[in-house]
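Chemist: next comes the sequence, and after it the predicted model I'd like to discuss.
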Amino acid sequence: SDLEACTSENIVLNATIYTGGVEYLWYEGIAPNGVLLETTTSASYIINPTIGEHFYYVEVSSPDCSTSPSVFITINVVEAPVATVVNPFITICEGEVLSLGTDVFDPSYSYSWTGPDDYDEMGQFPPSISDVSLINQGQYTLVIDNGVCLSDTAISQVVIFDQPETPIITGEEIYCEGTSLALSVNNITDADLYRWYLDGVLQFTETTNNLFINPVQASLSGEWTVVVKEGLCSSDTSDIKNVFIEEEFQIGATNSGPVCLGDSITLNVAFIPGATYLWQAPNGDLIPGQNPTVIAMEGNYIVNVMTNSGCEIEESTFVSIDELPVITALSNSSQDCMDGTQPIQFFPTIVPLGNYQFEWTGPGNFDPTILSPIIDNASSIHNGVYTLIVRNGECVSEPAVTIVDITDTPMQPIISGQSTYCDNQDILLETNE
């Protein structure tokens, strides 16, 4: 082609200038078969051809003569590219990455991008702007060149929002399992969202600047961070807040009871390295130590354990005190003489009344576990010392004794002999014993 042009572009055809009263005959096509477009007295002619390849020539005519057709020229008319942008309106936050681009692609095209802060880049997807700030806000324009025509300008309007400042976490570093965990962002109190992360994993999203967990578990120990969001923009991640949550110990408070009134009792609780122990008796007395031994007092003994990390654990154990039974009297129903056909019974008197265990010992055959045992067919074979002790839990009475001393009653004698005697005759009588 002699010339390439864009659609809607006016093209001026020029011919040799002749003097005198000449006319210029402008043709489209190839002589001699061209189509007359216009006759002018000027040596120039403006055309606006359609897309495609066109041929033009000119003849000059005067009243006396005419020229031969000129050499034709070829004009190739191409369509201008249409520029569009991927995103005509972009809203991003400070610190983010601004990426521009167009979906219009042709390997013969060139792409020219301009924008704020002397932005001037090439390419269908020009280099991104990292860590944007307010100076990067504004209009970014794109013009596409196909080598002949330039497109109209396409615009991406970029609005950049302020990024919230980096949050700072405040709070304790050591907590006790089962208590409350409280972390705060005091330098940003009115953000829209607070996203709390544990070891990089999102755990909670709050609408206030406080994170409150009750009760807290040991599994929440680790590296806590927070990101705040205001409008469309999120802050940078806060510095790490290391939080340690001490696992709750099971101390298992027990005692060596039950015991008798006046006896000592040992209070027991599990060992925790570095911990301090303080017991409180039922009467309010304070007893230091892990496993103290004290005079027993019935009621709840409360132990407070303070770990090396400052965590408190409290448990209690109930001490039971058994009352000592006293045998005030002990007797039996035996008689001095007995014929072996009658029973004897034992009769203790015990104070105070209670549900006790009885332990009898003695020579007789009887139930040694009841309060008042009976020996049937008592005789001298049951003679001896009978001892009773009474148990009330861990309390054992002093022993009491009663003595059985039976003399067996002799059998009834039978008299034998003559029943008739003469006067002055000796009488002889005999018995079977």
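Modeler: Now that the structure is in, tell me what you want to look at. Residues are numbered from 1 along each chain as shown.
Chemist: which residues touch residue 366?
Modeler: Each residue near residue 366 by Cβ atoms under 8 Å, 6 or more residues apart in numbering is listed here: 360, 373-375. Yep, even glycine has a C-beta here, placed from its N, CA and C like the rest.
Chemist: the same query, at a cut-off of 10 Å, please.
Modeler: 343-346, 360, 373-376, 382, 386 (Cβ atoms under 10 Å, 6 or more residues apart in numbering).
Chemist: all strands for the stretch 51-200 of the chain, in order.
Modeler: Along the stretch 51-200 of the chain, counting by DSSP state E, counting those that start in this stretch, strands occupy 52-61, 73-78, 89-93, 110-115, 119-122, 138-145, 154-161, 169-171, 174-176, 181-185, 193-198.
Chemist: elements contacting the last one?
Modeler: I take that to be strand 193-198. Identification of packing neighbours for strand 193-198 by 3 or more Cβ pairs under 10 Å, 6 or more residues apart in numbering; DSSP states H and E yields strand 181-185, strand 201-206, strand 210-213, strand 222-230.
Chemist: JSON lines for those, including distance to residue 46, mean neighbour count and mean pLDDT?
Modeler: Listed next are those as JSON lines, based on distance: least, Cβ to Cβ, whole Å; neighbours: other Cβ atoms under 10 Å; pLDDT from 0 to 100:
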{"stretch": "strand 181-185", "distance to residue 46": "71", "mean neighbour count": "19", "mean pLDDT": "96"}
{"stretch": "strand 201-206", "distance to residue 46": "68", "mean neighbour count": "12", "mean pLDDT": "97"}
{"stretch": "strand 210-213", "distance to residue 46": "76", "mean neighbour count": "16", "mean pLDDT": "96"}
{"stretch": "strand 222-230", "distance to residue 46": "60", "mean neighbour count": "19", "mean pLDDT": "96"}
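Chemist: closest to residue 140 out of the ones you listed?
Modeler: strand 222-230 (25.2 Å; Cβ to Cβ).
Chemist: let me know which of the helices and strands packed on strand 193-198 is the nearest to residue 155.
Modeler: Across those, closest to residue 155 is strand 222-230 (Cβ to Cβ), at 27.8 Å.
Chemist: direction included, what does the closest one pair against?
Modeler: Strand 222-230 pairs in its sheet with strand 193-198 (antiparallel), strand 233-234 (antiparallel), strand 241-246 (antiparallel), by DSSP bridges.
Chemist: may I see those organised as JSON lines, with mean pLDDT, distance to residue 309 and mean neighbour count added?
Modeler: Converted to JSON lines, those look like this (pLDDT from 0 to 100; distance: least, Cβ to Cβ, whole Å; neighbours: other Cβ atoms under 10 Å):
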{"stretch": "strand 193-198", "mean pLDDT": "97", "distance to residue 309": "20", "mean neighbour count": "18"}
{"stretch": "strand 233-234", "mean pLDDT": "94", "distance to residue 309": "34", "mean neighbour count": "20"}
{"stretch": "strand 241-246", "mean pLDDT": "94", "distance to residue 309": "5", "mean neighbour count": "17"}
